[in-house]
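Visitor: Got a predicted structure here, sequence first:
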Amino acid sequence: MELSVSEEKGLTIVKVIGRLDTVTAGDLEKRCQDLLNEGKTNLALDFSPLEYVSSAGLRSVLIVGKKSKANGGSLVLCGLSGLVEEVFSMSGFDSFFPVYADVGSLLKGDNSNA
């Protein structure tokens, strides 16, 4: 898994590339915790290049969401598709967090096509 971080319109976007599983879930949690410690409390996880997510990955997303909220921020998800979208939908995670079709929709504030 690779992570890339960018900022737009006061939002920190973490692009998650590859597989989010037992081996890599801790890396996502640590990177997001580092961002929260830097005061970047409004996070968006861009899963558009994500190929696979396991239950360990879902757990990490939930932990990041809770920590973000505890720091007065929020977590949104974008770019869910294919198997990744199916896993988030079946687990109900798409009802815990706002979901946007892609980063462009997020920045425009349009989650109607998610």
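Guide: It's in. The model shown is predicted, which means the values in this text are computed figures rather than measured ones.

Visitor: C-alpha from now on. contacts and neighbour counts both.
Guide: Fine.

Visitor: now stretch 92-104: mean pLDDT?
Guide: Per-residue pLDDT over stretch 92-104 has a mean of 92.

Visitor: buried residues in it?
Guide: Residues of stretch 92-104 classed as buried: 93, 94, 97, 98, 99, 100, 101, 102, 103 (neighbour count, 16 or more other C-alpha atoms under 10 Å).

Visitor: ditto for stretch 24-32
Guide: Buried residues in stretch 24-32, defined by neighbour count with 16+ other C-alpha under 10 Å: 24, 25, 26, 27, 28, 29, 31, 32.

Visitor: is it true that residue 75 touches residue 46?
Guide: No: counting by C-alpha atoms under 8 Å, residue 75 sits too far from residue 46 to count as a contact (10.8 Å).

Visitor: distance between stretch 67-80 and the chain's centre?
Guide: How far stretch 67-80 lies from its chain's middle: 7 Å, per C-alpha atoms, centre = their mean, to the nearest Å.

Visitor: which outside residues touch that stretch?
Guide: 33, 36, 41-49, 64-65, 97-103, 106 (C-alpha atoms under 8 Å, 6 or more residues apart in numbering).

Visitor: helix or strand right after the lowest-mean-pLDDT helix or strand in the chain?
Guide: When each helix and strand of the chain is scored by mean pLDDT, DSSP states H and E, helix 93-96 comes last, with a mean of 88. Next in sequence after helix 93-96, counting helices and strands by DSSP states H and E, comes strand 99-100.

Visitor: In its sheet, which strands sit next to that following strand, and in what direction?
Guide: strand 74-78 (parallel) (DSSP bridges).

Visitor: quick one: residue 52 and residue 85 touch, right?
Guide: No: using C-alpha under 8 Å, residue 52 is not in contact with residue 85; the gap is 9.6 Å.

Visitor: circling back to that earlier point, any chance of JSON lines for the buried residues of stretch 24-32, columns pLDDT?
Guide: Listed next are the buried residues of stretch 24-32 as JSON lines, based on pLDDT from 0 to 100:
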{"residue": "24", "pLDDT": "97"}
{"residue": "25", "pLDDT": "97"}
{"residue": "26", "pLDDT": "97"}
{"residue": "27", "pLDDT": "98"}
{"residue": "28", "pLDDT": "98"}
{"residue": "29", "pLDDT": "97"}
{"residue": "31", "pLDDT": "98"}
{"residue": "32", "pLDDT": "98"}
